[in-house]
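**Q** starting from these lines, generate the structure:
(3 chains)
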Amino acid sequence: MRGLAAVLEGQVIRMAELRRPDLRWPLPAHLAATLAGARVEGFRRRGKYMLMRLEGRESVLIHLGMSGRMVARHRDAPFVPRTGPQGAASDARGHNAPPEAHEHLVMETEGGWRVGFVDPRRFGSLDLVPRETEDSHKLLAGLGPEPLEEGFTVAALEKALEGRFTPIKAALLDQKTVAGLGNIYVCEALFRAGISPRRLSATIPGARAARLHGAIQAVLREAIAAGGSSLRDYVRADGEVGRFQDRFDVYDREGQPCRDCPGAPRCPGITRLVQSGRSTFYCPKHQR
DNA sequence: GGCAAGTCCTGAAGGC
DNA sequence: TGCCTTCAGGACTTGC
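**A** Residues are numbered from 1 along each chain as shown, chains lettered A, B, ... in the order given. This next block holds a predicted model:
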C-alpha cells in the first residue's frame, strides 16, 4: 500500500481498463468508469485489504489474495528486467516493457504512471464501497483489531482466544481474531513466542498471551521494514522484492536446524505439519 | 501430482 | 427435535 500511495496519491486516473468480468467474485460493472477521471485522494488499509480513496467517489477495495500484486511503471522509466526470488522475473519497468500476464486491471494517470493489478490465481478481489460505509462492507465488518494499533492489547488477545478449543495456529489465521496475519507471520510469531501451533487457544492466556502479543507485533514490524516477504510471485509496487524471507526462523525451513536450540538433544529441527489444510512450520522442542 | 502467501461456504459435531 | 455456535475441510486457479 505504501508503494502504491507513493505513486498514485494526488494523481488523476486518465483511463482504466478492466480485462475480465471477475476475479474471486464478479467485479462491479462500473469499476472502470468510476476510476476514469477520478483523483486519488489517498489510501488506507484494514487487515489485508487496501482502500484506495477517490475524491468525491466510491473507494476501491483491493485484496491481493495469494498471488496478487500491484505493478507500477512510469512512462519515462527505462525497461530494466530484474530477477526475483527463485528465478521469477520480478518486474520490468517502463511503458515499453513486455506486457504482464494476468494483468486484470490497468490504470494510467495523467502524470504518466501505469498501474496494473496482476493476479495469476485470481484469488484476489476488487470492489467499490461508499466512503461513509467502508467499515461496514461485508468483507471488513467482521475483522478483528489491527495488530499494530491501540485496540490490540494482551487483554484483547486473551479475550479473543477465551474458550476456543481450536489450535492457536488456526485461531490466529482467523481474521476475526486479529486482522492481517497470514500463514507466514503466524508461523514466525508462534516460534518467537515459543508456543506450539497445536496448543489449544483456550490455554494461551497469561504469560503465553503476553509473549504471543509481543511476537506478533515484532514480526509484523520487522516484515514491514523489510518490504514484506517475496517467495515465488510477490513483488512490491516498484518491482523490488521484499527481504523478510531471508530472516524466517521456521517458515519453509523444514528439516533445517532450529535457531533457538541448534544441536540440542531431542531437537528434531524445523518440522512441517498440516493444520486445517495449511502447512505449519515449527520446532517441537522449542515450541510448547 | 502435489503444493502454494487467502477466505468463503458447507456440513458435521456438540451444547443448550 | 431444533436452533445456534464452532470447527475442519473443500473449493476456487495457475504456476512451479
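
**Q** near DNA strand B, which residues of chain A show up?
**A** A:24, A:47-48, A:63, A:65-67, A:121, A:123, A:139, A:173, A:175, A:182-184, A:229-234, A:272, A:274, A:277-279 (CB under 7 Å from any atom of the strand). Quick note: C-beta positions are derived from backbone N, CA and C, even for glycine.

**Q** of those residues, buried ones?
**A** A:24, A:47-48, A:63, A:65, A:67, A:139, A:173, A:175, A:183-184, A:229-231, A:233-234 (16 or more other CB atoms under 10 Å).

**Q** from residue A:259, how far out is residue A:180?
**A** 25 Å (CB to CB, to the nearest Å).

**Q** these two: which is more packed in?
**A** residue A:180 (19 against 14; other CB atoms under 10 Å).

**Q** check what pLDDT the residue lying closest to that one once chain neighbours are set aside gets.
**A** In this structure, residue A:180 finds its nearest non-sequential neighbour in residue A:47, 4.5 Å apart by CB to CB, 6 or more residues apart in numbering. Among the per-residue scores, residue A:47 holds a pLDDT of 93.

**Q** quickly list the domain ranges of chain A.
**A** By the record's domain assignment, chain A is partitioned as A:2-136, A:154-282 (automatic domain parsing).

**Q** the last one vs DNA strand C: in contact?
**A** Yes: remark: domain A:154-282 sits within contact range of DNA strand C at A:164-167, A:170-171, A:201, A:232, A:275-277, by CB under 7 Å from any atom of the strand.

**Q** just the buried residues of these.
**A** Buried among the residues of domain A:154-282 next to DNA strand C (16+ other CB under 10 Å): A:164, A:167, A:170-171, A:201, A:275.

**Q** would you format those residues as TSV with secondary structure and distance to residue A:36 included?
**A** TSV is the format used below for those (DSSP: H, G, I helix; E, B strand; the rest coil; distance: CB to CB, whole Å):
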residue	secondary structure	distance to residue A:36
A:164	coil	46
A:167	strand	47
A:170	helix	42
A:171	helix	43
A:201	helix	47
A:275	strand	45
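
**Q** phi, psi for the closest residue to DNA strand C within the stretch 1-150 of chain A please.
**A** The nearest approach of the stretch 1-150 of chain A to DNA strand C comes at residue A:121, 3.4 Å away (CB to the nearest atom of the strand). Dihedral pair for residue A:121: phi -80, psi -10, per degrees, to the nearest 10.

**Q** these two touch, right, it and residue A:67?
**A** Yes: contact criterion CB atoms under 8 Å: residue A:121 and residue A:67 qualify, at 4.3 Å.

**Q** end-to-end on stretch A:197-215?
**A** 14 Å (CA to CA, to the nearest Å).

**Q** pull out the buried residues from it.
**A** For stretch A:197-215, using 16+ other CB under 10 Å, the buried residues are A:197-199, A:201, A:204-205, A:208-209, A:211-213, A:215.

**Q** now it: mean pLDDT?
**A** Mean predicted lDDT for stretch A:197-215 stands at 92.

**Q** now do stretch A:246-255
**A** 89.
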